[in-house]
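[1] Provided below for reference: sequence and predicted model.
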Amino acid sequence: MDKKLILFLSFLFFLMPLTANTEDSIKTVFQDGHFRTQYKTKVKASEMIASDMASDLLKDFHSSPDNLFNWALKDLGLQDKKKNDVIFILKTSTTDAKTGITHGEFDIIVPYITTFKNVKVDAIVSKTKYLNGEMKVTANIIYSSLLLKYALGTVTIVQQKNNELLFITNVSIKFGWFFNIFITKKRYKSIVEWRIKKFTENLKSECEHRQNVTLNY
């Protein structure tokens, strides 16, 4: 079970305005109870490689979430209870093929404070490709019985010159009553922000690995 600890938090992304700066960067803004984070990085891979990666990301999320910890969610942590402020233990995860909604149930442990049992979260994760060549993977938390009031996110993939891509990962989260008090700006950085960056870097590594395999085939 511990390998599934942050399946849902790692998919929370929100599209924010794009800027001209394409250097690797991460920024978090807190306003009106919302945390908004954006991380950008360049990726040396083709659009086709990125599209295949995004399709595999959705396939694993919907049918084989454990497999995500071998690549997309690799090294995102929360397995070590001694080093984490909040522990998420996913108990069940099923996807309704008709609606596209993934239903999750998990326990939330706040060490030395309290444990919330059987917290329910419903999410829709999808992929969209636009006529201008941009591609977007979107995760929308449409229901949470405790953890979140609102969460929406995207990974936008933008074509660049010289067979490069720009990955822009955005997260917007508004926590529920307890976590709105508990998760300060400092805790947000230690619990969520670095995982947004690491998740994007994992997608980047997967794309560049597939690109290298293709070139050396």
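    That came through, no problem.

[2] give me the element residue 202 is part of.
    helix 194-216 (DSSP states H and E).

[3] same for that helix, what does it pack against?
    Under the contact criterion of 3 or more C-beta pairs under 8 Å, 6 or more residues apart in numbering; DSSP states H and E, helix 194-216 touches strand 34-43, helix 47-63, strand 165-175. To be clear about C-beta, it is placed using only N, CA and C from the backbone, and glycine gets the same treatment.

[4] Of the ones you listed, which is nearest residue 149?
    strand 165-175 (4.4 Å; C-beta to C-beta).

[5] what is the orientation angle of the closest one with helix 47-63?
    Interaxial angle of strand 165-175 relative to helix 47-63 (axes from the mean of the first three to the mean of the last three C-alpha atoms, to 10 degrees): 30 degrees.

[6] ok, back up a step: for the helix holding residue 202, give me every contacting residue.
    6, 9-10, 13, 26, 37, 39, 41, 43-46, 49-50, 52-53, 57, 71-77, 155, 165, 167, 169, 171 (C-beta atoms under 8 Å, 6 or more residues apart in numbering).

[7] ok, now with 6 Å
    Residues from elsewhere that reach helix 194-216 (C-beta atoms under 6 Å, 6 or more residues apart in numbering): 10, 26, 37, 39, 41, 43-45, 49-50, 53, 71-72, 74, 76, 167, 169, 171.
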